[in-house]
Structure formats: structure tokens, C-alpha cells
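*Asks:* I need the structure of the sequence given here:
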Amino acid sequence: MTALSDRPVAARRFGQALVAALLLLHVLLAVWAIVGLIEWFLPAVPWPRVSNPLFPPYVLLLQWLLILIAAGTFILGYARRWRRTPEAMLAAYAAMACLCAIETFWFLQHQARFIEMFVEYLEYAAVLVFLFNGGVMRERFRRDAKRL
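*Replies:* The predicted structure is shown next:
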């Protein structure tokens, strides 16, 4: 067996590892959003707050809801093999990117805020490229690569 014949197996394993990492990430995001929503509704919580005090309440509510929607969409879309998961994630990430820009330009004050926004946008783009073009994801959502 040559190295070239091992390549598809290695690529598939890498894709599966990436899927597992994305599932774990979105579960953690859902937990983070739930904690943030609890903080939004309760004035005192028994843990250090995860909500940014620079953001007004309406921004925090929107932030936590968008994160929860994105996480839930990814987890449920993957679990149910929903064919439109990549498009739904594109919409969710676009909404989150808009809110990120608002938070960055209007509320955040630290020097690295624009770099952090750029990194966040790169993360969204990388996940979306994988969702739309990754072989494991095309197979999971039964998508024809020729139509994409």
C-alpha cells in the first residue's frame, strides 16, 4: 500500500476528527449561551459572570440568543442529517458576524478588538468552507459537490 492510497483514509479520519471537534465546540457554545441567558434573567448568580459588562442588556440578549441558535442549529442539523444545515449555519454566522461588528465598533474599547473580530470572521469562514465543501459533510448531508 502506498502513501497515496492511504490519503483518502487519512483525509476521512481528519474530517471525522474535525466534525467531533466542531460538535464539541457547539455543545460548549450552547452551554455558554445558556449560562449567559441565566445571567441575563437573574441579577445575581453563584459564578463569575461570563457576560461582558460593556454591552447593554439588549445586545447581550441578542448575543446569547444568536449563539444558542447557531449551536442548536449545528448540533441538531448534524444529528438529523438536515440537508440545509450549511445554509442555516451561513445565516446564523452572518447574524453573529453583524452583531460582532456592532460590539466591536460601538462598545468594545481594548486595542485587540479588531484583530479579535477578524479572527472570529476567519473561524466562521473556515467552518462554513468545511460545511459546504468537506467530503465528510457533503456525505453527511447528502450534498452533490457538483451543485455547490
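*Asks:* how about the longest helix along the chain: buried residues?
*Replies:* Ranked by number of residues, the top helix in the chain under DSSP state H is helix 3-41. By 16 or more other C-beta atoms under 10 Å, the buried positions in helix 3-41 come out as 15, 18, 19, 22, 26, 29, 30, 33, 35, 36, 37, 39. The way it works is simple: take the backbone N, C-alpha and C, and place the C-beta from them, glycine included.
*Asks:* among those residues, which two are most distant?
*Replies:* Greatest spatial distance in the buried residues of helix 3-41: 15 and 39, 36.0 Å, computed using C-beta to C-beta.
*Asks:* what about the residue lying closest to residue 36 once chain neighbours are set aside, how many neighbours?
*Replies:* Distances taken as C-beta to C-beta, 6 or more residues apart in numbering place residue 64 nearest to residue 36, at 4.0 Å, with adjacent residues excluded. For residue 64, the neighbour count with other C-beta atoms under 10 Å is 21.
*Asks:* Correct me if wrong: residue 64 contacts residue 29.
*Replies:* No: using C-beta atoms under 8 Å, residue 64 is not in contact with residue 29, being 10.3 Å away.
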